[in-house]
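J.: got a sequence here, can you build the structure:
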Amino acid sequence: MTHSSPDTPDGSLVGRVIAMPADTNPEGDIFGGWLLAQMDLAGSTPAFDLAQGRCATIAVDGMVFHQPVSVGDEVSLYATVLKTGRTSIRVRVEAWKRPRSTHAVSRVTEGVFTYVAIDSDRKPRPLPSAGES
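T.: Model prediction:
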């Protein structure tokens, strides 16, 4: 997975959260599953907007963990829509951390999430056309 710059986030800021002690693994680092859940929520923001309603996550591709997140780090999540299909939306999500002791940020994780628009019966439904609301 490539990124335009290792020094600046790519995409729109869609979420920010502080890593807490309850989110750690047995080694004391932030649990990767917690970070994955935050990224899934972040990626769903533009997906729900485009779908104008309910979506389901159907795939996570190219997940890369560059470095650990520590308790107290501020985690910012950035999302970019890569592609839309008839019912699906692919979103690239990056997570960046800022330790409490500095203003420097660094990319910690990135991945591509695929969402499908679903109806009230949880069946795939077509995405609305650009002109519909």
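
J.: lowest-confidence helix or strand of this protein?
T.: strand 55-65 (a mean of 93; mean pLDDT, DSSP states H and E).

J.: residues near residue 96, how many?
T.: A count of neighbours around residue 96, defined by other Cβ atoms under 10 Å, yields 22. Where C-beta positions appear, they are placed from N, C-alpha and C, glycine not excepted.

J.: hmm, it is touching residue 106, no?
T.: Yes - in this structure residue 96 lies within contact range of residue 106 using Cβ atoms under 8 Å: 6.6 Å.

J.: next, the spatially most central residue of the chain: secondary structure please.
T.: Most central in the chain under Cα atoms, centre = their mean is residue 39, positioned 2.9 Å from the mean C-alpha point. With DSSP: H, G, I helix; E, B strand; the rest coil as the basis, the three-state label of residue 39 is helix.

J.: what of the one 10 residues further on?
T.: Per three-state DSSP, the secondary structure class of residue 49 is helix.

J.: got the CA coordinates for the least confident helix or strand of the chain in CSV?
T.: Once non-C-alpha atoms are left out, strand 55-65 reads as follows in CSV (Å, rounded to 0.1, in the frame of the first residue of the first chain):
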residue,chain,number,x,y,z
CYS,A,55,-23.9,-0.1,5.3
ALA,A,56,-22.1,-3.3,6.3
THR,A,57,-18.3,-3.9,6.4
ILE,A,58,-17.6,-6.8,4.1
ALA,A,59,-13.7,-6.7,3.7
VAL,A,60,-10.5,-5.3,5.1
ASP,A,61,-7.6,-5.3,2.7
GLY,A,62,-3.9,-4.4,3.0
MET,A,63,-3.9,-3.7,6.7
VAL,A,64,-0.4,-2.5,7.8
PHE,A,65,0.6,-1.8,11.3
